[in-house]
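**Student:** sequence below, structure please.
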Amino acid sequence: MDSQNFLENHKTLHFKKPKKKYIENLEKWSKKEIKSLFDLSFNDLVYQAHNVHRIHFDSNAVQLSTLLSIKTGGCSEDCGYCPQSARFNTEVENEPLMEIKEVLKAAKLAKEAGASRFCMGAAWRGPKERDLDSVKEMISSVKELGLETCATLGMLKDGQAEQLKDAGLDYYNHNLDTSPEFYGDIISTRTYQNRLDTLERVRDADINVCCGGIVGLGETIEDRVSLISQLANMEKPPESVPINLLTQVEGTPLNNIEKLDHFDFIRTIAVARITMPKSFVRLSAGRESMDDGIQALAFFAGANSIFYGEELLTTGNPSIKKDQLLFKRLNIKTI
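**Tutor:** Numbering: from 1, shown residues only. As a prediction, this is how the structure comes out:
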């Protein structure tokens, strides 16, 4: 089947009505089909992605999330892209868990600036029970402000997702990062299956899944195909799919590798939109390196969510004022 006919046959994914809490994904995407999308001419791919986007979403609306590092540095993991690992010599200091009042202060400021979701990230392999009690109180308090809540706390053990759900957690972020084939070149301290197990626990607790990956790690196009295959072929695709462009940080193993062409990043956004038409696709980390034109292309290709605020955990992000000006120029409304 040629690429054009293939796209015509895949304009809309069809879903069964939920029996209970799952919606089965009837449209399974083969790696060959996904690769055929990446192989399209840039204009054809972005055009098709935009058409799919318009079917399922307001094409001129972008969801705003703000991300706060509630526990910074000192992580025992060896993720090669992350400045928070204790194994690397970066400028990030090991800090204790934030006080709840400081988290609430940041959440209030985020809401005043227009964010609708507040995400809390902790540099842990996984939360200990004593830490989970504090995080649950943070979640409940942020929820009371009228914000959606999201957390990224590393690997979850049995029963922990249910505790987070009871506290009012709306979304749990746990990225796959890259393909199963390339994963071992980036991380050795946890397996791909560890990540999938945590995602299963989140689903079983009836929490929305936020799961995506990072491009620009030195991966091949085949790795991007494999990553999209993993995400799109989940029994229920993630409600939120962050696509991150590597932010290189001095002291990490991936600093100074060859940078990814921004058009290849846009291609990944577009393929994510086509294969996961009902998911929010987030234009995530790496926006600081993109000019306004590239970001506008990402929105046209199907991105409809961003992280909003001057900092993403420990790396930079465009200012709120700059983002607001861009939205005004593009006539984009925020949600």
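**Student:** where does the stretch 51-200 of the chain dip in pLDDT?
**Tutor:** Across the stretch 51-200 of the chain, nothing is flagged by pLDDT under 70.
**Student:** what ranges does it have for its helices?
**Tutor:** For the stretch 51-200 of the chain, applying DSSP state H, counting those that start in this stretch gives helices covering 100-113, 129-144, 160-167, 180-183, 192-204.
**Student:** quick one: residues in contact with the second one.
**Tutor:** By CB atoms under 8 Å, 6 or more residues apart in numbering, the list of residues contacting helix 129-144 from outside reads 70-71, 97, 100, 103-104, 107, 118, 120, 122, 124, 127, 149, 151, 153, 160, 163-164, 166-170. To be clear about C-beta, it is placed using only N, CA and C from the backbone, and glycine gets the same treatment.
**Student:** grab the most central residue of the chain for me.
**Tutor:** Nearest residue to the geometric centre of the chain (CA atoms, centre = their mean): residue 242, 2.2 Å.
**Student:** shouldn't it be within a strand?
**Tutor:** Yes - under DSSP: H, G, I helix; E, B strand; the rest coil, residue 242 sits within a strand.
**Student:** how about it, what does it touch?
**Tutor:** 173, 175, 210-213, 282, 284-285, 305.
**Student:** bridged to it, which residues?
**Tutor:** Beta-bridge partners for residue 242, by DSSP bridges, are residue 282.
**Student:** can you give me the pLDDT of it?
**Tutor:** Note on residue 242: pLDDT of 97.
**Student:** can I get the helices of the stretch 51-200 of the chain in TSV including mean neighbour count and distance to residue 47?
**Tutor:** Below are those laid out as TSV (neighbours: other CB atoms under 10 Å; distance: least, CB to CB, whole Å):
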stretch	mean neighbour count	distance to residue 47
helix 100-113	16	33
helix 129-144	17	39
helix 160-167	19	39
helix 180-183	18	29
helix 192-204	18	32
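**Student:** so which of those helices gets nearest residue 334?
**Tutor:** helix 100-113 (10.0 Å; CB to CB).
**Student:** can you state the direction angle for the closest one and helix 129-144?
**Tutor:** 30 degrees (axes from the mean of the first three to the mean of the last three CA atoms, to 10 degrees).
**Student:** helices or strands up against helix 100-113?
**Tutor:** For helix 100-113, the contact count by 3 or more CB pairs under 8 Å, 6 or more residues apart in numbering; DSSP states H and E identifies strand 61-71, strand 117-122, helix 129-144 as packing neighbours.
**Student:** and residue 299, which of those is closest to it?
**Tutor:** Short answer: strand 61-71, nearest of the helices and strands packed on helix 100-113 by CB to CB, at 6.6 Å.
**Student:** let me see the ranges of the strands in this protein.
**Tutor:** For the chain, the strands defined by DSSP state E cover 61-71, 117-122, 148-152, 171-173, 208-210, 213-215, 240-245, 280-283, 305-307, 311-312, 315-316, 333-334.
**Student:** state the distance from the residue nearest to the centre of the chain to residue 180.
**Tutor:** As for residue 242, its distance to residue 180 is 19 Å (criterion: CB to CB, to the nearest Å).
**Student:** cool, and residue 144?
**Tutor:** On the measure of CB to CB, residue 144 and residue 180 end up 40 Å apart.
**Student:** over to residue 137?
**Tutor:** 36 Å.
**Student:** now do residue 299
**Tutor:** 30 Å.
**Student:** what values do phi and psi take at residue 127?
**Tutor:** Backbone torsions for residue 127, taken as degrees, to the nearest 10, come to phi -80, psi 140.
**Student:** so what's it closest to, chain neighbours aside?
**Tutor:** residue 153 (4.7 Å; CB to CB, 6 or more residues apart in numbering).
**Student:** now do the contacts for that neighbour.
**Tutor:** Residue 153 neighbours (CB under 8 Å, 6+ apart): 121-122, 124, 126-127, 135, 172.
**Student:** from those, which is closest to residue 86?
**Tutor:** Out of those, the member with the shortest distance to residue 86 (by CB to CB) is residue 124, at 11.3 Å.
**Student:** tell me how far the closest residue to the closest one other than its chain neighbours lies from residue 75.
**Tutor:** Nearest residue to residue 124, sequence neighbours excluded (CB to CB, 6+ apart): residue 154, at 4.6 Å. Per CB to CB, residue 154 is found 8 Å from residue 75.
**Student:** find residues that contact each of the two.
**Tutor:** 124-125.
**Student:** ok, the closest residue to residue 139 other than its chain neighbours - contacts?
**Tutor:** Sequence neighbours aside, residue 167 is the residue nearest to residue 139 in space, at 4.3 Å (criterion: CB to CB, 6+ apart). Residues near residue 167 by CB under 8 Å, 6+ apart: 135-137, 139-140, 143.
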